[in-house]
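A.B. asks: Fold the following.
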Amino acid sequence: MRLRSFVSFVVGGLLGVACGFALGIFLYPYIFLADIVGKDQVDAARKQVVARGTFTHANPSDPIHYGKGEVTVHRDLVHLEASFEVGPGPKYHVYLVPQQNVTPDTDVAKTMFVDLGRLRAFKGSQNYEVPEGVDLARYQSVVIWCEQFGVLISPASLRAGG
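C.D. replies: Coordinates of the predicted model:
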């Protein structure tokens, strides 16, 4: 009888830890992104537009990892528009990628991408400064990338001009 109680206790504990871990993966971004949201100080409306793009759903068979909305690239700034939205996840980053059509098969890690920083929010307007010396003419896409799992979340192919 004691053995059965002990086994039930251990199995229940393992299930509790597994469920807690799974729940933590989904709640983590909402809890810990709050400390970096709202730090945008740059007025995107005053910057010269270099390129624009639209985020797409990289893998339509994956309902969790999606992206949509507009992006505007300025001379020294990447601005995700108010229409921007991605499905939540851990450790999303904004990359400038030199390839035009980035797909889930693209090996983004082997491209000469520029990491603009961690995604500040899963929805809404936000700005990312482009480091000095980056030639924006070489970059044809803005990509939302999950660094933790090495997964393409949403690419936006850029078209020149305003």
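
A.B. asks: In terms of secondary structure, what does the longest strand along the chain contact?
C.D. replies: Taking DSSP state E as the criterion, the chain has its longest strand at strand 151-160. Applying 3 or more CB pairs under 8 Å, 6 or more residues apart in numbering; DSSP states H and E, we find strand 151-160 packed against strand 49-55, strand 67-74, strand 141-146. (C-beta placed from N, C-alpha, C; glycine too.)

A.B. asks: Residues touching the last one, excluding its own?
C.D. replies: I take that to be strand 141-146. Strand 141-146 has contacts (CB atoms under 8 Å, 6 or more residues apart in numbering) with 53, 55, 65, 67, 71, 73, 78, 86, 89-102, 108, 113, 119, 151-158.

A.B. asks: what stretches of this structure score poorly on pLDDT?
C.D. replies: Along the chain, the model assigns pLDDT under 70 to residues 22-46, 162.

A.B. asks: So which residues of it form strands?
C.D. replies: Using DSSP E, the strands found in the chain span residues 49-55, 67-74, 77-80, 85-86, 92-97, 114-118, 126-129, 141-146, 151-160.

A.B. asks: CSV for those strands, including distance to G20 and mean neighbour count?
C.D. replies: Converted to CSV, the strands of the chain look like this (distance: least, CB to CB, whole Å; neighbours: other CB atoms under 10 Å):
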stretch, distance to G20, mean neighbour count
strand 49-55, 32, 19
strand 67-74, 28, 20
strand 77-80, 32, 25
strand 85-86, 25, 19
strand 92-97, 22, 22
strand 114-118, 24, 15
strand 126-129, 30, 20
strand 141-146, 21, 24
strand 151-160, 23, 21
